[in-house]
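# Sequence first, then the predicted structure:
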Amino acid sequence: MANFKKYTKKNGQEAWQFSAYLGTDPKTGKRIKTTRRGFETKKQAQRACSQLLAEFDADTWASMQSHSNTEPTTFKEVAELWLTSYKLTVQDVTFQGTKNILKNYLYSKFGDRPIKDITRVECQQAVNDWYLQYSALGALTCKASRIFKYAITMYLISINPMESVIKPKGDAHKRVKVYAKQDFNTLMAYLKDNQSDYEGYFMYALFRLLFFTGLR
């Protein structure tokens, strides 16, 4: 059950808020209620409320309440907490791939930033930069969006700033269509010489699989 209400901020601007019953605390048996404010429109408030209700986890909430002194605040802290749950839902290869995405791309943009302070403009700038560095732009924006959504369920933010970004469209002239034989040999030699850890073995095996089977 949720209630939506328009109110006036101190600066005179109008905004929307909602109050919602989420469930029951498994440790105390008490009803869990929350109020979220600062939405520009009623539709935004309704969407955030629906998302919060859908993704709310009572056990996670109870755990966070009992460890409030260590509540995550930065993007990286929230992402690492999300990873502990995510690991239980996917295969190890997928999990390792996600960790690499976070380490190589997301943390360099948002890692030490308080997650509540990350703006839509910053997200758009990050997407634009990723477009120039990484072909699988969708994977980056998807993972970033999931972490922001997770932060909403943790009551750290009220809006997912990644939802409003515009993804650049690919330009054919910017992308390499095929590898020359020499390019392939150079790449495989490099990967073969850098198998000192799990990631190195994984990347070598992955590229061999892609090249020799023609998978896309």
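Arrived safely, thanks for sending.

# what bits of the protein have low per-residue confidence?
Low-confidence segments of the chain (pLDDT under 70): 1, 25-28, 55-72, 170-178, 215-216.

# Where do the helices of it begin and end?
Secondary structure of the chain (DSSP state H): helices at 42-55, 58-66, 75-86, 92-101, 107-110, 120-133, 137-153, 181-192, 198-213.

# would you turn those into CSV with mean neighbour count and distance to Glu14?
The C-beta positions use only the backbone N, C-alpha and C, and glycine is treated the same way. Shown next, in CSV, are the helices of the chain (neighbours: other CB atoms under 10 Å; distance: least, CB to CB, whole Å):
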stretch, mean neighbour count, distance to Glu14
helix 42-55, 16, 11
helix 58-66, 15, 30
helix 75-86, 19, 30
helix 92-101, 15, 39
helix 107-110, 18, 30
helix 120-133, 16, 20
helix 137-153, 20, 22
helix 181-192, 12, 56
helix 198-213, 13, 50
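
# how close does Ala48 get to Arg36?
6 Å (CB to CB, to the nearest Å).

# tell me, what's touching these two both at once?
Residues touching both Ala48 and Arg36 by CB atoms under 8 Å, 6 or more residues apart in numbering: 18, 158.

# how about the nearest residue to Gly111, chain neighbours excluded?
Leaving out its chain neighbours, the residue that sits closest to Gly111 by CB to CB, 6 or more residues apart in numbering is Lys76, at 4.2 Å.

# tell me the contacts of the residue most central in space within the chain?
With distances taken as CA atoms, centre = their mean, Ala144 lies nearest the centre of the chain, 2.5 Å away. Residues in contact with Ala144 (CB under 8 Å, 6+ apart) are 106, 110, 123, 126, 162.

# Pretty sure the last one sits against Thr141.
Yes - assessed by CB atoms under 8 Å, Met162 is found in contact with Thr141 at 6.3 Å.

# got the contact list for the longest strand along the chain?
Using DSSP state E, we find that the single longest strand of the chain is strand 14-24. Strand 14-24 is contacted by residues 1-9, 30-42, 44-46, 48-49, 52-53, 56, 58, 61 when judged by CB under 8 Å, 6+ apart.

# neighbouring strands for it, and are they parallel or not?
strand 2-8 (antiparallel), strand 31-39 (antiparallel) (DSSP bridges).

# Only the buried residues of the last one, if you could.
When burial is assessed from 16 or more other CB atoms under 10 Å, strand 31-39 yields the following buried residues: 32, 36, 39.

# could these be laid out in TSV, adding distance to Ser196?
Formatted as TSV, the buried residues of strand 31-39 follow (distance: CB to CB, whole Å):
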residue	distance to Ser196
Ile32	47
Arg36	47
Phe39	49
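
# Against Asp129, how distant is Ser108?
Plainly put, Ser108 is 9 Å away from Asp129 if you go by CB to CB.

# And for Gln44?
Computed as CB to CB, the Gln44 to Asp129 distance reads 27 Å.
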